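> 3D, please:
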Amino acid sequence: MSSTVERRKSTQLMKKSSSDAKIHKSKSMINIVKPVTMSKQAPGTFKEDKYDLKVTLSAQQQLNNFHKGMVWDYSFNIDGTLLATAGKDGKIMVWEIVDGLVKKEVKTIFTKHTGEIVSVIFIENNIICSSSTTKELFVWNAINGEQIKTISIDDVCLCLKYCKENKRFIAGLLNGQVFCYNTDKYEQIREYDVHCAVTAVEIYCEGEEATGYIVGTLEGTILALYDYDDKMQLVKTSSLKEDILISSIIVNVKDRICYITYANNKVIIYTLIDFDMISRYKGMTTNCSSITPSLNDDMTLLFIASKEGGIFVFPNMPVISKKSIDIFGVKLNLFVTDGKPIVHVCYIPKTSNILLIDCDGSASIFTLKY
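Numbers count the residues shown, from 1 in each chain. Purely as a prediction, here's the structure:
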């Protein structure tokens with residue numbers, strides 16, 4: 001069974017019943033070949049205007065036996081010196097990053113979860129919070145694997161995000177609950193009930209005290225919440241005409257926009273102020289809900305993989321206009337393992353390198369030039 005089919009099947013189970021939701025397992029073999037970058041590229045264009053975007057990638061590193069099977073989630077620490085990968089094998093691997101490359105010997109392996117790992121996030125430089133198909137969150141030390149705290153929750157946690165500015169992290173659950181925790185004692189300080197499976201979350205900070213939350217659901221609804229009177233309070237909701245799962249949310253506070261990834265092959269940019277749609281990144285065919293995009297450090301480029309092979313690179317062009325704009329990015333035709341679609345395009349912090357992980361857990365690192 002392919003990873004795409006597995007993910008879609010797990011999504012169908014979510015719709016049926018949260019208590020019956022299970023992720024099906026199958027064995028995956030790793031066979032990494034030398035990464036190949038093809039020279040043909042398609043120029044990105046507006047419908048009414050044009051822009052030039054030239055991007056090249058050069059292979060730097062192959063990672064043999066990087067992760068066994070599908071990687072559902074990954075996270076870098078704040079310094080960009082550690083990488084955590086987690087997935088269907090039930091293990092979380094912590095890797096050291098040196099000069100933009102991954103040390104081939106894994107630093108820490110965390111095996112205390114039962115079931116597949118669903119989400120993982122660094123909540124401090126060396127502290128990780130992770131969730132699996134069981135109803136609990138584990139907080140643990142990335143350096144030695146020591147477990148710090150177990151947080152009991154009411155259902156499976158599908159997504160986690162951390163905000164370094166106010167030192168809080170947020171969890172979205174299959175039953176529609178959203179919880180916010182501090183990083184002092186890892187205690188719950190906020191909660192909100194969406195009444196629909198939460199498939200993506202984001203937390204951000206504007207100024208010293210203003211905290212915002214964005215929640216995406218299985219049915220494609222976006223909820224914007226803010227802190228008022230020590231509570232999460234709903235400010236606005238937005239949804240497309242069709243019910244499409246939201247798989248990822250990224251906030252760009254600098255430009256006051258957010259990138260919402262849907263499971264029907266589109267990334268839509270909304271304003272943080274009014275949640276108006278300002279542009280759509282189109283042209284890629286995503287791998288359903290397993291696709292996650294990433295931004296480079298200066299937030300000028302967005303990367304996302306395509307299930308047909310290769311990755312797409314889009315310029316960050318937060319143009320506020322009365323009419324939304326369709327943007328078609330540059331496609332780079334490359335594979336980590338021949339014929340296997342790339343799932344994660346991970347920009348390594350404070351470097352010019354990106355880590356590509358395919359659906360079998362194979363990986364390679366490329367240097368980006370643009």
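> check contacts around the closest residue in space to residue 86 that isn't next to it in sequence.
Distances taken as CB to CB, 6 or more residues apart in numbering place residue 117 nearest to residue 86, at 3.6 Å, with adjacent residues excluded. Every C-beta, even on glycine, is put in place using the N, C-alpha and C of the backbone. Residue 117 sits next to 72-73, 86-88, 90-92, 130-132 when contact means CB atoms under 8 Å, 6 or more residues apart in numbering.
> Also residue 170?
Listed by CB under 8 Å, 6+ apart, the contact set of residue 170 reads 160-163, 178-181, 201-203, 213.
> where's the helix or strand hosting it relative to the chain centroid, distance-wise?
If you go by DSSP states H and E, residue 170 is part of strand 168-173. Centroid separation for strand 168-173 versus its chain: 14 Å, with CA atoms, centre = their mean, to the nearest Å.
> What of stretch 140-153?
21 Å.
> Report the rounded mean pLDDT for it.
Averaging pLDDT along stretch 140-153 gives 97.
> Mind listing residues that contact that stretch?
Contact with stretch 140-153 is made by 77, 82, 84, 94, 107-110, 112, 122, 126-128, 130, 135-139, 171, 173, 177, 179, 181, 186, 188, as judged by CB under 8 Å, 6+ apart.
> let's see 7 Å
Contact with stretch 140-153 is made by 82, 84, 94, 108, 110, 112, 126-128, 135-139, 173, 186, as judged by CB atoms under 7 Å, 6 or more residues apart in numbering.
> and those residues, which are buried?
Buried subset of those (neighbour count, 16 or more other CB atoms under 10 Å): 82, 84, 94, 108, 110, 126-128, 135, 137-139, 173, 186.
> Do a quick rundown of the helices in this structure.
3-16 (DSSP state H).
> Look at residue 309 and report its pLDDT.
At residue 309, pLDDT is 68.
> what do you get for residue 114?
Residue 114 is given a pLDDT of 89.
> In this structure it contacts residue 134, no?
Yes - using CB atoms under 7 Å, residue 114 makes contact with residue 134 at a distance of 5.6 Å.
> The two - which one has more neighbours?
Neighbour count, other CB atoms under 10 Å: between residue 114 and residue 134, residue 134 has more, with 16 against 10.
> Show the backbone phi and psi for that one.
phi -100, psi 170 (degrees, to the nearest 10).
> Read off the pLDDT value for the residue nearest to residue 86.
pLDDT, residue 117: 93.
> Residue 36 now?
For residue 36, pLDDT reads 37.
> Would you enumerate the residues in contact with residue 79?
residue 125.
> wait, what's in contact with the residue nearest to the spatial centre of the chain?
When CA atoms, centre = their mean is applied to the chain, the residue found nearest the centroid is residue 292 (4.3 Å). Residues near residue 292 by CB under 7 Å, 6+ apart: 247-248, 344.
> tell me which of those residues is nearest to residue 226?
Nearest to residue 226 among the contacts of residue 292: residue 248, at 21.1 Å, using CB to CB.
> Enumerate the beta-bridge partners assigned to the closest one.
residue 261 (DSSP bridges).
> what about it, how many neighbours?
Other residues near residue 248 come to 23 when the count uses other CB under 10 Å.
> quick one, what contacts the nearest residue to residue 281 once chain neighbours are set aside?
Using CB to CB, 6+ apart and skipping the chain neighbours, the partner closest in space to residue 281 is residue 267 (4.1 Å). The contact partners of residue 267, taken as CB under 7 Å, 6+ apart, are 259-261, 281, 293, 304.
> Give me the pLDDT for residue 267.
86.
> What distance do you get for it to residue 131?
From residue 267 across to residue 131, the span is 24 Å (CB to CB, to the nearest Å).
> Residue 330 too?
Residue 330 is 35 Å from residue 131, by CB to CB.
> Please say which of those two ends up with more neighbours.
A count of neighbours by other CB under 10 Å puts residue 131 above the other of residue 330 and residue 131, at 28 against 21.
> ok, now which ones touch that one?
118-119, 137, 157, 160.
> next one: residue 344
Contacts of residue 344 by CB under 7 Å, 6+ apart are 71, 74, 292, 305, 357.
> what about 6 Å?
292, 357 (CB atoms under 6 Å, 6 or more residues apart in numbering).
> Same question for residue 237.
Contacts of residue 237 by CB under 6 Å, 6+ apart are 221, 223.
> where in the stretch 101-250 of the chain is pLDDT low?
Applying pLDDT under 70 to the stretch 101-250 of the chain flags residues 208-209.
> Could you check how many residues crowd around the residue nearest to residue 235 when sequence neighbours are not counted?
Excluding its sequence neighbours, the residue lying closest to residue 235 (CB to CB, 6+ apart) is residue 224, at 4.7 Å. Using other CB under 10 Å, residue 224 has 20 other residues around it.
> isn't residue 224 right up against residue 236?
Yes - assessed by CB atoms under 6 Å, residue 224 is found in contact with residue 236 at 4.7 Å.
> can you map out the strands along the stretch 251-370 of the chain?
257-262, 266-271, 277-282, 294-295, 301-305, 311-315, 325-328, 330-332, 334-335, 342-347, 353-358, 363-369 (DSSP state E, counting those that start in this stretch).
> counting contacts, what elements does the last one pack onto?
This points to strand 363-369. strand 56-63, strand 353-358 (3 or more CB pairs under 6 Å, 6 or more residues apart in numbering; DSSP states H and E).
> For residue 365, state which of the contacts of stretch 140-153 is nearest.
Nearest to residue 365 among the contacts of stretch 140-153, counting by CB to CB, is residue 82 at 15.2 Å.
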